[in-house]
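> Model the structure of this input:
(2 chains)
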Amino acid sequence: MRFSRTLIPTAKEAPSDAVLPSHIYLLRAGFIQSVGAGLYNFLPLGKRSLDRVRQVVKEELDAAGCQEVDLAFVTPAELWRESGRFEKYGKELLRFTDRKENEFVLGPTHEEMMVNLVRQSVKSYKQLPLHLYQIKTKFRDEIRPRFGLMRGREFLMEDGYSFHKDEEDMKREFEHMEATYSRIFTRLGLDFRVVEADSGAIGGSGSKEFMVLAESGEDEIVICDGCDYGANVEAAVRAPREAPSYEEGEEPIMSPGDFHTPDTKTIEALADFFHIDSHHLIKAVAQKARYDEGREEIVLFFLRGNDDLEETKACNAVGANELVDVSEEELRAAGLTPGYMGFIGLPEGIEYRIDRELKGESNLIMGANREEYHRVGVTVPDFGEHFADLVTVKAGDRCAHCGGRLSTTRGIEVGHIFQLGTRYSEPLGATFLDENGKSRPFVMGTYGIGVSRLLAAIIEQHHDDRGCIWTRESAPFDLEIVVSNIANDEEREAAEKLYRTLRERGVEVLLDDRKERFGFKMKDFELIGIPLGIVVGKKLSEGKVELIVRDGLERMDLSLDEAVEAVLERV
RNA sequence: CGGAGUGUAGCGCAGCCUGGUAGCGCACCUGCUUUGGGAGCAGGGGGUCGAAGGUUCGAAUCCUUUCACUCCGACCA
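Below is the predicted model of the structure:
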């Protein structure tokens, strides 16, 4: 393609609200254009990159035995009511009515639609397994869209759904998809890690996320230096913590009883008061849990003084939709004593959870549910169902699998695979007849890749201070030919010839034939970030052109023929 | 949802406090010069100052309402 005939509006400056390199460069290099909060137009370059990434995804999925379909974007509300998600999904679901007052939603994901499709056409175990996917625009009315393509409201996503006769076959496909997704991200040149993820209120036996490692990632992930364990902090587990070590005879000894402890509402104050490590204290974190139909309830979470509450885990532990802060007034109204709460002697009907690492522990101090009093020498009895994993795993904790050191890093979630089971097939009555003629619900898996987010992730990981550095299979073009001085006939003709030759050999070439000065065009080349460049300029008098590798900006002088060969070797 | 901030040309901004003919840089158009690192000179086009209402002889500027966008937070009792 000719630069002069293509819409590539490059800019020196980016809008001031763009912070991330990917956001800034994609805007400045003319890949995308903002049209509103979380909404973007893809311009020619952006569209080309998106299509190439999409092509990689499609090739690998097709090779893995998946079949591409394309479901309606506008979906009837009826289906969402059937699965119970019409209410549950919340405000992210964009609902609207047509002229006949029929209700619809714009698909944020397509479990319902896909199950509906399959339940109408698959009746026998002989048709299983089946894996259908689509690569399609999704719409989620995000609370706070930001970071350009990273978190938009409208975005391109690959979503796959597999249907199986039993759990075992579904797990086989799950592993197959882990390998397939890994191949996709490897081909795209990404440094990523597969981590354990929160399977959430949906249940199911497991889910994994594909995290592109980047400082700007929105997710915190925990990785082990001793084995290949990795997990989203929302799902990370650790080996139980050990008590701080003490000198012989220095261990805290506590005689059970209530102590008068004025002005010790915080863990810090309490640790000071007793001159004791906060490991031996139990803190209470009060939250208000929100359930369906607006029901709210105060819940207390008890954990060690030196641990932090992990909100997603806490939310799952009580099966709530979300947790929100609760005021001291509300706590007092419920008969609680903020600053002095404990799990022994709580008022009737107060829901609570205790971190599972505390089970059976002794010699602890916790609130006595009485103003200005703490209970000392507490032993944690077996509270059965009140135990749950509640803590935030931190750098320095020990790996539950190998005992290695855990550290934290940040990642961009670009893929998520999920063992779904019968969560949708059952309520939607999607069944097949097994070998014995018995009707059974499909066992399902679901898989997703954020295709447009991948563009942002690639740039987050591959850029320098001059602009984008596209990887081989994500670049809008393989090569950019820069004509140094378009007014020079020899240069122009040599460039045109290279352009024709390479195109005939199947190379995607962008020819910068604009009537601009050399420096101006080079800045654009570096900003746009096409992997290879050929400069046709001064050295043409010696029969040479310059080949530039964008990643590292390495240059070499080659004859025209050598340049052609060098390009063909690299694409 | 809570808090803070910003809306002035395509982009980046000044002007607002102290009301009096809407400005600067980049980009865009024309001409000449220039052609290996975002050129120079000359000329030019482009704005209902986010919207509505109010105060005033007069509002980008003061007041009210509203909309949009951005940032921070959503947690240790």
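> For RNA strand B, see how far away residue A:43 is.
12 Å (Cβ to the nearest atom of the strand, to the nearest Å). In short, each C-beta sits where N, CA and C put it, glycine included.
> so that residue makes contact with residue A:35?
No - in this structure, residue A:43 is not within contact of residue A:35 by Cβ atoms under 8 Å, at 11.6 Å.
> Of the two, which one has the most company?
A side-by-side neighbour count of residue A:43 and residue A:35, using other Cβ atoms under 10 Å, places residue A:43 first with 18 against 10.
> so who does the more buried one touch?
For residue A:43, the contact set (Cβ atoms under 8 Å, 6 or more residues apart in numbering) comprises A:7-9, A:30-33.
> now do 7 Å
A:7, A:30-33 (Cβ atoms under 7 Å, 6 or more residues apart in numbering).
> Could I have the buried ones of those residues as PyMOL selection syntax?
Buried subset of the contacts of residue A:43, written as a PyMOL selection, criterion 16 or more other Cβ atoms under 10 Å:
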select buried, chain A and resi 30+31+32
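> In CSV, list the contacts of residue A:43 along with pLDDT and distance to residue A:473.
CSV is the format used below for the contacts of residue A:43 (pLDDT from 0 to 100; distance: Cβ to Cβ, whole Å):
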residue, pLDDT, distance to residue A:473
A:7, 93, 23
A:30, 93, 21
A:31, 94, 16
A:32, 91, 19
A:33, 88, 24
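> now, which of the contacts of residue A:43 sits nearest residue A:531?
Lowest distance from residue A:531 to the contacts of residue A:43 (Cβ to Cβ) belongs to residue A:31, with 15.1 Å.
> residues contacting the residue lying closest to residue A:536 once chain neighbours are set aside?
Leaving aside its chain neighbours, residue A:536 sits nearest to residue A:495 (4.3 Å; criterion: Cβ to Cβ, 6 or more residues apart in numbering). Residue A:495 makes contacts with A:481, A:483, A:511, A:536, as judged by Cβ under 7 Å, 6+ apart.
> at 6 Å instead, please
Neighbouring residues of residue A:495 by Cβ atoms under 6 Å, 6 or more residues apart in numbering: A:481, A:483, A:536.
> One more: residue A:215?
Residue A:215 is in contact with residue A:410, counting by Cβ under 6 Å, 6+ apart.
> So it versus RNA strand B, what's the distance?
On the measure of Cβ to the nearest atom of the strand, residue A:215 and RNA strand B end up 13 Å apart.
> In a strand, that residue, correct?
No - Residue A:215 is assigned coil when assessed by DSSP: H, G, I helix; E, B strand; the rest coil, not a strand.
> ok so, going back, filter the contacts of residue A:495 down to the ones near RNA strand B?
Near RNA strand B, taking Cβ under 7 Å from any atom of the strand as the test, the members of the contacts of residue A:495 found are residue A:536.
> how about JSON lines for the contacts of residue A:495, with pLDDT added?
Output for the contacts of residue A:495, formatted as JSON lines (pLDDT from 0 to 100):
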{"residue": "A:481", "pLDDT": "97"}
{"residue": "A:483", "pLDDT": "96"}
{"residue": "A:536", "pLDDT": "97"}
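> For ChimeraX, what selects the buried ones among the contacts of residue A:495?
Here is the ChimeraX command that picks out the buried ones among these, judged by 16+ other Cβ under 10 Å:
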select /A:481,483,536
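> Distance to residue A:266 and secondary structure for the contacts of residue A:43 - can I get that in JSON lines?
Shown next, in JSON lines, are these (distance: Cβ to Cβ, whole Å; DSSP: H, G, I helix; E, B strand; the rest coil):
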{"residue": "A:7", "distance to residue A:266": "59", "secondary structure": "coil"}
{"residue": "A:30", "distance to residue A:266": "53", "secondary structure": "coil"}
{"residue": "A:31", "distance to residue A:266": "49", "secondary structure": "coil"}
{"residue": "A:32", "distance to residue A:266": "47", "secondary structure": "strand"}
{"residue": "A:33", "distance to residue A:266": "50", "secondary structure": "strand"}
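> Just give me how far the helix or strand harbouring the residue nearest to residue A:536 sits from the chain centre.
Element membership for residue A:495 (DSSP states H and E) is helix A:489-504. Relative to the centre of its chain, helix A:489-504 is centred 44 Å away, using Cα atoms, centre = their mean, to the nearest Å.
> Average pLDDT for it, rounded please.
Here helix A:489-504 scores 96 as its mean pLDDT.
> Please see if that helix touches RNA strand B.
No - if you take Cβ under 7 Å from any atom of the strand as the test, helix A:489-504 misses RNA strand B, and the best it gets is 8.4 Å.
> For burial, what's the neighbour tally of residue A:508?
Neighbour tally, residue A:508, other Cβ under 10 Å: 16.
> Sorry, wrong one. I was asking about residue A:51.
Neighbour tally, residue A:51, other Cβ under 10 Å: 12.
> buried set for the host helix or strand of it?
Per DSSP H and E, residue A:51 falls inside helix A:44-63. By 16+ other Cβ under 10 Å, the buried positions in helix A:44-63 come out as A:45-46, A:48-50, A:52-54, A:56-58, A:60-61.
> OK, contacts around the closest residue to residue A:439 other than its chain neighbours?
In this structure, residue A:439 finds its nearest non-sequential neighbour in residue A:431, 4.7 Å apart by Cβ to Cβ, 6+ apart. Shown in contact with residue A:431 (Cβ under 6 Å, 6+ apart): A:439-441.
> cutoff 8 Å now
Contact analysis of residue A:431 by Cβ under 8 Å, 6+ apart lists A:119, A:425, A:439-442.
> Please flag which of these sit within helices.
Judged by DSSP state H, these include residue A:119 as members of helices.
> Could you report the neighbour count for residue A:325?
8.
> close enough to count as contact, it and residue A:285?
No - here residue A:325 lies out of contact with residue A:285, judged by Cβ under 8 Å, at a distance of 10.3 Å.
> still on that earlier bit, for the contacts of residue A:495, which one is nearest RNA strand B?
Ranked by distance to RNA strand B (Cβ to the nearest atom of the strand), the contacts of residue A:495 are led by residue A:536 at 7.0 Å.
> gap between that closest one and residue A:426?
Relative to residue A:426, residue A:536 is positioned 65 Å away (Cβ to Cβ, to the nearest Å).
> same deal with residue A:228?
For residue A:228 relative to residue A:426 (Cβ to Cβ), the value is 34 Å.
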